[in-house]
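>>> Quick one: sequence and predicted model below, then my questions.
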Amino acid sequence: MCDTDARLDGKVAVVTGGSSGMGLEAAKNLANRGAKVIIGSRNETKLRNARDEIITATGNQNVAYKVLDLGSLKSVRTFANEVNMETTIDVLVNNAGAVALPDRLTADDLNLTMQVNFFGAFLLTFLLLPKLRASAPSRIINGVAATMYVGHIDFDHWNDIGRYNFVSSLANSKLAVSLFNAELDRRLQNTCVTANTYDPFVVRDTNVLTNIPGVVQDVSRFFINVIGQRKEEVGKQIGYLASAPEMEKVSGKNYKFCHEFFNPWCVNNKELTKRLWEESKKAVKISKEEDWEARSVQVPLFG
């Protein structure tokens, strides 16, 4: 099902976490289809090397990088402002994420895992949405994980420290992404902008396990090496979701191995997803100047 010859010539694709792992492979796939690809991550040296690798592998010279630290809302805003200078934004892949980060608050007073895995992607998407809509038909692809099915969202405590272990922190952050995607899909009705999630299962040869304690990391790595997907396979799956003609009008779905997979049941709770949207706007401190929703009350931007 992942096989498609669809081209993206003249399109602009943004991939977070694009300097390594499955994000890098997704960027290669999109560049190979002719898209201008912009990759973002924290380390400029890795970004520069990744850009060169993508160009060498695909022959596409139209590859750029911009520093993006999802653990800093200031960095996210800077990245968004730079990307918004593009004529269009046709594909946004929110791929970046991390496991077993230190249990602490960021300088933005947010739980580090929640910010890196969810709040940063929420803010980036919110700031890019006007350009994504103006570029329609366009696509948003959000990365989730199987842990989301055991996640829990408590708006009074979702930024607490000392409350969650690294598994529950990951679960909560990925459930938040799934709920966000569901609300995004509802707000994007009739705009020709789609929002879908993808679950990469477990992936070999990535640095996602770096922060996990020694023995647990060794066991996890053995398990992943036995049953995990190759990062190139995940890149191919993301490329399919971003380009396949048959996906142009599909939205609000979750995909695993390029097949539709079930969402957490709570994505159907419209009150919950709406509250998550509003609470997230507060958490990332959307300013009056940034809040295009407030400015579009009389002439709705969506629908």
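Nice, I can see it. Residues are numbered from 1 along each chain as shown.
>>> hang on, isn't residue 163 packed against residue 172?
No: checked against CB atoms under 8 Å, the pair residue 163 and residue 172 is beyond contact range at 9.9 Å. Bear in mind the C-beta positions are built from the backbone N, C-alpha and C, glycine included.
>>> what about these two, which has more around it?
residue 172 (25 against 14; other CB atoms under 10 Å).
>>> Not counting sequence-adjacent ones, nearest residue to the more buried one?
Closest residue to residue 172 apart from its sequence neighbours, by CB to CB, 6 or more residues apart in numbering: residue 151 at 4.6 Å.
>>> now do residue 290
residue 127 (6.4 Å).
>>> so what's the one you found up against?
76-77, 80-81, 84, 290 (CB atoms under 8 Å, 6 or more residues apart in numbering).
>>> Pretty sure residue 66 sits in a strand.
Yes: under DSSP: H, G, I helix; E, B strand; the rest coil, residue 66 sits within a strand.
>>> burial measure for it, as a count.
For residue 66, using other CB under 10 Å, the count is 18.
>>> That one contacts residue 85, doesn't it?
No: between residue 66 and residue 85 there is no contact under CB under 8 Å: 10.5 Å.
>>> wouldn't residue 43 be in contact with residue 19 here?
Yes: counting by CB under 8 Å, residue 43 touches residue 19, with 6.4 Å between them.
>>> Which one of these two is surrounded by more residues?
Taking other CB under 10 Å, residue 43 and residue 19 do not tie; residue 19 has more neighbours (28 against 13).
>>> Which pLDDT value belongs to the more buried one?
Residue 19 carries a pLDDT score of 97 in this model.
>>> Helix or strand: which one has it?
Counting by DSSP states H and E, there is no helix or strand that carries residue 19.
>>> residues touching it, list them.
Counting by CB under 8 Å, 6+ apart, residue 19 has contacts 39, 41, 43, 46-47, 49-50, 65.
>>> cutoff 10 Å now
Going by CB atoms under 10 Å, 6 or more residues apart in numbering, residue 19 touches 27, 39-51, 53-54, 65, 67-68, 96.
>>> measure it to residue 76 for me?
According to CB to CB, to the nearest Å, residue 19 stands 16 Å off from residue 76.
>>> show me where the stretch 101-250 of the chain has strands.
138-143, 193-198 (DSSP state E, counting those that start in this stretch).
>>> Now mean neighbour count and distance to residue 181 too, for these, in a markdown table please.
A markdown table is the format used below for the strands of the stretch 101-250 of the chain (neighbours: other CB atoms under 10 Å; distance: least, CB to CB, whole Å):
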| stretch | mean neighbour count | distance to residue 181 |
| --- | --- | --- |
| strand 138-143 | 25 | 5 |
| strand 193-198 | 25 | 5 |
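>>> With respect to residue 3, which of the ones you listed lies nearest?
strand 193-198 (16.4 Å; CB to CB).
>>> what lines up beside that closest one in the sheet?
strand 138-143 (parallel), strand 254-256 (parallel) (DSSP bridges).
>>> next one: the shortest one to chain centre, how far?
In terms of CA atoms, centre = their mean, to the nearest Å, the centre of strand 254-256 is found 14 Å from the chain centre.
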